[in-house]
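Student: Below: sequence and its predicted model.
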Amino acid sequence: AAGVIQSPRHLIKEKRETATLKCYPIPRHDTVYWYQQGPGQDPQFLISFYEKMQSDKGSIPDRFSAQQFSDYHSELNMSSLELGDSALYFCASRLQGAGSNSPLHFGNGTRLTVT
Amino acid sequence: GESVGLHLPTLSVQEGDNSIINCAYSNSASDYFIWYKQESGKGPQFIIDIRSNMDKRQGQRVTVLLNKTVKHLSLQIAATQPGDSAVYFCAENRGNQGGKLIFGQGTELSVKP
């Protein structure tokens, strides 16, 4: 079965640079979630989109922005990168119509390293 | 603040034994709980879920127990195998919050052959 696809798998950037992470949800899934996971930490919710509109916002820095496109893929844009932004970034998707009590399906993440 | 947390950060078991991973939550409004398994370099993988109107749910070799009275969740893995070695997270959906999940601190399960 098709899963959530994230690209790139690895990304190395310098401080103050920008980065764009991409997420392709499972086909027919209409909701996308972004999570950040630091080393040895649990995933922290950043932001979510439903039908191309922002549906919820968590601990996402103002330097970050995201959007969901007409084909339901999503991009997380990160500017003025800081060393502390180094982390794994996961995208997850679900079908909203299945109700809020349905699991999120995660991609394998993008490992961002800021030097 | 409110959070989902695990009692033990690490758990080591012998192959073939049963494993029990615990999780405490503090938000009584949470109505849906999920256990995820995360292997190194991979994203969280769905294992099993349970709704708040249930006390127990069984899957293949896994059972989740929910005790709403003490806000406690556990994952039982029967006949633990080396392939079960991973970090396990519980996550909760806090009612009307659009389906986002709040994760607790993971427990690293290590299976000794």
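Tutor: Sure, I can see it.

Student: host element of residue 36?
Tutor: With no chain named, the answer covers chain A. Element membership for A:Gln36, per DSSP states H and E: strand A:31-37.

Student: Chain B, not that one
Tutor: Applying DSSP H and E as the criterion places B:Tyr36 in strand B:32-38.

Student: Pull up the pairing partners for that strand, direction included.
Tutor: In the sheet, strand B:32-38 lines up against strand B:45-51 (antiparallel), strand B:86-93 (antiparallel) (DSSP bridges).

Student: From A:Tyr33, how far out is the nearest residue to B:Leu11 once chain neighbours are set aside?
Tutor: Once flanking residues are discounted, B:Leu11 sits nearest to B:Leu109: 5.1 Å by Cβ to Cβ, 6 or more residues apart in numbering or on different chains. For the C-beta atoms, the positions are set from N, CA and C on the backbone; glycine is no exception. Relative to A:Tyr33, B:Leu109 is positioned 25 Å away (Cβ to Cβ, to the nearest Å).

Student: which residues touch the strand holding B:Tyr36?
Tutor: Strand B:32-38 is contacted from outside by A:100-101, A:103-104, A:106, B:21, B:23, B:25, B:44-52, B:62, B:64, B:66, B:73, B:75, B:84, B:86-93, B:101, B:103, B:106, using Cβ atoms under 8 Å, 6 or more residues apart in numbering or on different chains.

Student: what number of residues lie near whichever residue of chain B sits closest to chain A?
Tutor: Residue nearest to chain A within chain B: B:Gly43 (3.5 Å; Cβ to the nearest Cβ). Number of residues near B:Gly43 (other Cβ atoms under 10 Å in any protein chain shown) recorded here: 23.

Student: in terms of contact, does it touch A:Phe90 like I think?
Tutor: Yes. Assessed by Cβ atoms under 8 Å, B:Gly43 is found in contact with A:Phe90 at 5.2 Å.

Student: Overlap of the contact sets of the two?
Tutor: Between them, B:Gly43 and A:Phe90 share the contacting residues A:106-107, A:109, judged by Cβ under 8 Å, 6+ apart.
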